[in-house]
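Chemist: Here is my input; please provide its structure:
(2 chains)
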2 protein chains.
Amino acid sequence: MNHFNQYNSILQTALNQVGFPEQPHNLYDPLRYFMQLGGKRMRPILSLMACKLFDKDFEKALNVALCVEYFHNFSLIHDDIMDAAPLRRGQTTVHKKWNENIAILSGDVMLVKAYDFLANYPPQIFQELFLLFNKTAKEVCEGQQMDMDFESRNDVNETEYLEMIRLKTSVLLGCALQMGAIVGGADKENATLLYNFGENLGMAFQIQDDLLDLFGDQTLVGKQVGGDVLANKKTLLSLSAMHLANNDQRNTLRSLAKIEDPQLKIEKAKRIYRDLGALSYCQQKMNQYQQKALSALEKMSCGASKSDLIALAEHLSTRAN
Amino acid sequence: MNHFNQYNSILQTALNQVGFPEQPHNLYDPLRYFMQLGGKRMRPILSLMACKLFDKDFEKALNVALCVEYFHNFSLIHDDIMDAAPLRRGQTTVHKKWNENIAILSGDVMLVKAYDFLANYPPQIFQELFLLFNKTAKEVCEGQQMDMDFESRNDVNETEYLEMIRLKTSVLLGCALQMGAIVGGADKENATLLYNFGENLGMAFQIQDDLLDLFGDQTLVGKQVGGDVLANKKTLLSLSAMHLANNDQRNTLRSLAKIEDPQLKIEKAKRIYRDLGALSYCQQKMNQYQQKALSALEKMSCGASKSDLIALAEHLSTRAN
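Modeler: From the prediction side, this is the model:
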């Protein structure tokens, strides 16, 4: 993943150059603060990588990269309000550090600013990028709404869950890649194959995230493991366990929610998910999406090496955070 | 204002045709609900009127009209959360009828949908519209932030207040008109003059709104008069009264905030604003902006009659709601 750092540093320079107006302080200070919290910058780096497949001057994709990164950060600021999350990347969230009103409004202006970057391309390309981006933006909102709706439902099935993570997470990865490819001059077929690569990669990534949340190494994951179990959150793990269980086991699964001791709750969940085969089922699902992603990438034809994207996709199954 | 109704009915048909996806219910039901609450539809009608000055087929401006109306409604949904407002147009606000999270997210998707309409124009025009709209969208957010900041400040001056209402209200009127003109084929100079017309009209409109809030006839205004005074809100009336007052009178003005009896508070405010000349100062300011608006309209050259826009501007000073 050496190239990853190179893309990241070019991206960071671009992010630093953009900046925000000084005034009103209470609108733009939260955005300055939030952007310097960092993050993996995975989405914008995918845009740069996708562009480089078709044009060695991949910096021309910086504007789409900035657009997806700003959009992603807008969605995090608003999601943090909705989740009443006190921390983001180990630091205080915007709505806690300032207040909810400021977090709503600075999120809004962040979304508007995300669009700005797209208008730096010539009219034809701009419109093509815009249509893809706007479709994706709506889908991300739909995914977030489904996620919130699931909290109060007890009849969520696997298909619905997968559709939720596709909308909430995967489509933005697909969009980031396809926009990078468009800017690099890819034809429709190859740009779509890259979208498919990203969409499947996103599914694999999210399932792996759910697995790491419970089965990851706390020191490597960098946060308290078992957060999803403690919050009684629906994940592919919990849904597939319910599906694989017989009536007795289902009652045991339901009783998990009532355990108060966090350590005991986490240990019980790990054991039952393992015993029921839910862990291996999820790993299998994750691998299937990873293979689908790699197969879309294989079908795609371009002049440059695909090694960076292959490495990124393969890194998934071994990553520890 | 006969033509107004004609534009309104064409607009309403277009609004009815747009609609929202069925699912997720909790994302799109609030938007269906909010759009049927109605409203003056002033902004989109300005777009249609502006287009008609340059092209008799003014329905081609329906997409910009829908864009500004959706944007305006997005801003109302989020503003209502920030103001903790229970009612909008006499009906329950989205965050009260559903909850704050749903209001945040359905507002977000409304903003994204506003952009969609612009992409229905050819690439060159789309980009021109987009740049104006996006600049305006940021300004509206800045205006709303200034408005919130003013609540906790005691040193707001008239210049700042006027800049706040320019950003929060007027620029969107200018944008609605200029976008309509662009779609109608106006040249840069005439399109800019229409923007100026709208910007000044917006200033006059907002000042008149502040005056009607206190001095309007309750049965005609359609809401409790004196709302701004009861909420100790800063308006041009209260700021100019402070400016015109001597030390003793300033103390009397400050003591207004402490009066508990609503009727007494409103009566005292009306008397002192009148006595200090703040009422006539604001009326004068309002007239100045109205004249500036009409003068920009006069300079603008087009093939069609400007009578609808002139009537709209003149209606301002006599309107009772």
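Chemist: Return the set of buried residues in whatever helix or strand A:Ser280 lives in.
Modeler: Assessed by DSSP states H and E, A:Ser280 sits inside helix A:278-299. Judged by neighbour count using 16 or more other Cβ atoms under 10 Å in any protein chain shown, the buried positions of helix A:278-299 are A:278-279, A:281-282, A:285-286, A:289-290, A:292-294, A:296-297. For glycine as for every other residue, the C-beta is placed from the backbone atoms N, C-alpha and C.
Chemist: Closest one of those to B:Leu62?
Modeler: Of all these, A:Ala296 has the smallest distance to B:Leu62: 39.3 Å, by Cβ to Cβ.
Chemist: From chain B, how far off is that closest one?
Modeler: As judged by Cβ to the nearest Cβ, to the nearest Å, A:Ala296 and chain B stand 27 Å apart.
Chemist: hmm, who's touching stretch A:10-30?
Modeler: For stretch A:10-30, the surrounding residues in contact (Cβ atoms under 8 Å, 6 or more residues apart in numbering or on different chains) are A:31-32, A:35, A:41, A:44-45, A:48, A:59, A:62, A:65-66, A:69, A:77, A:94, A:97-98, A:102-103, A:105-106, A:109, A:113, B:141-142, B:145-146, B:148-149.
Chemist: Sort out which of these are in helices and list them.
Modeler: Secondary structure defined by DSSP state H assigns A:31-32, A:35, A:44-45, A:48, A:62, A:65-66, A:69, A:77, A:94, A:97, A:102-103, A:105-106, A:109, A:113, B:141-142, B:145-146, B:148-149 of those to helices.
Chemist: Any of these buried? List them.
Modeler: Those of the ones in helices among the contacts of stretch A:10-30 that meet the buried threshold are A:31, A:35, A:44-45, A:48, A:62, A:65-66, A:69, A:77, A:94, A:97, A:102-103, A:105-106, A:109, A:113, B:141-142, B:145-146, B:148-149, by 16+ other Cβ under 10 Å.
Chemist: continuing past the least confident helix or strand in chain A by mean pLDDT, what's the next helix or strand?
Modeler: Ranked by mean pLDDT, DSSP states H and E, the weakest helix or strand in chain A is helix A:218-221, scoring a mean of 71. Proceeding C-terminally, helix A:218-221 gives way to helix A:227-230 as the next helix or strand, assigned by DSSP H and E.
Chemist: tell me which residues in that following helix are buried?
Modeler: Under 16+ other Cβ under 10 Å, the buried positions of helix A:227-230 are A:228-229.
Chemist: now for the strand or helix carrying A:Leu253, which elements pack on it?
Modeler: Using DSSP H and E, the secondary-structure element containing A:Leu253 is helix A:247-256. Counting contacts by 3 or more Cβ pairs under 8 Å, 6 or more residues apart in numbering or on different chains; DSSP states H and E, helix A:247-256 is packed against helix A:236-244, helix A:262-275.
Chemist: can you tell me which of those comes nearest to chain B?
Modeler: With Cβ to the nearest Cβ as the measure, helix A:236-244 is the member of the helices and strands packed on helix A:247-256 nearest chain B (18.2 Å).
Chemist: In PDB, list the C-alpha atoms belonging to that closest one.
Modeler: Taking only C-alpha atoms (Å, rounded to 0.1, in the frame of the first residue of the first chain), the coordinates of helix A:236-244 have been written out as PDB:
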ATOM      1  CA  LEU A 236     -25.300  -9.100   9.200                       C
ATOM      2  CA  LEU A 237     -23.900 -11.100  12.100                       C
ATOM      3  CA  SER A 238     -26.900 -10.700  14.300                       C
ATOM      4  CA  LEU A 239     -29.400 -11.100  11.500                       C
ATOM      5  CA  SER A 240     -27.700 -14.200  10.100                       C
ATOM      6  CA  ALA A 241     -27.400 -15.700  13.600                       C
ATOM      7  CA  MET A 242     -31.200 -15.300  14.000                       C
ATOM      8  CA  HIS A 243     -31.700 -16.900  10.700                       C
ATOM      9  CA  LEU A 244     -29.400 -19.900  11.400                       C
END
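Chemist: Return the set of buried residues in it.
Modeler: Using 16+ other Cβ under 10 Å, the residues of helix A:236-244 that count as buried are A:236-242, A:244.
Chemist: Run through who's touching the helix holding A:Ser280.
Modeler: Under Cβ under 8 Å, 6+ apart, the answer for helix A:278-299 is A:193-194, A:196-201, A:203-204, A:207-208, A:210-211, A:215, A:236-238, A:240-241, A:244, A:273, A:306, A:309-310, A:313-314, A:316-317.
Chemist: Buried ones among those residues?
Modeler: Those of the contacts of helix A:278-299 that meet the buried threshold are A:193-194, A:196-201, A:203-204, A:207-208, A:210-211, A:215, A:236-238, A:240-241, A:244, A:273, A:306, A:309, A:313, A:316, by 16+ other Cβ under 10 Å.
Chemist: give the contact list for A:Ala65.
Modeler: Residues counted as contacts of A:Ala65 (Cβ under 8 Å, 6+ apart) are A:11, A:14, A:43-45, A:47-48, A:176, A:180.
Chemist: now, the most widely separated pair of those residues?
Modeler: Of all pairs drawn from the contacts of A:Ala65, the one with the longest distance (Cβ to Cβ) is A:Ala14 and A:Ala176, at 14.7 Å.
Chemist: Those two - which one has more neighbours?
Modeler: Between A:Ala14 and A:Ala176, A:Ala176 has the larger neighbour count (other Cβ atoms under 10 Å in any protein chain shown), namely 33 against 18.
Chemist: what bits of chain A have low per-residue confidence?
Modeler: Judged by pLDDT under 70, chain A has its weakly predicted residues at A:1-2, A:221-223, A:317.
Chemist: Distance to chain B added to the helices and strands packed on helix A:247-256, as CSV?
Modeler: Supplementary listing: these in CSV, determined by distance: least, Cβ to the nearest Cβ, whole Å:
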stretch, distance to chain B
helix A:236-244, 18
helix A:262-275, 26
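Chemist: can you put those in a markdown table and add distance to B:Asn5?
Modeler: Compiled in a markdown table, the helices and strands packed on helix A:247-256 are given as follows (distance: least, Cβ to Cβ, whole Å):
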| stretch | distance to B:Asn5 |
| --- | --- |
| helix A:236-244 | 54 |
| helix A:262-275 | 63 |
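Chemist: between these, which gets nearest to A:Thr252?
Modeler: For the helices and strands packed on helix A:247-256, proximity to A:Thr252 was assessed by Cβ to Cβ; helix A:262-275 is nearest, at 6.3 Å.
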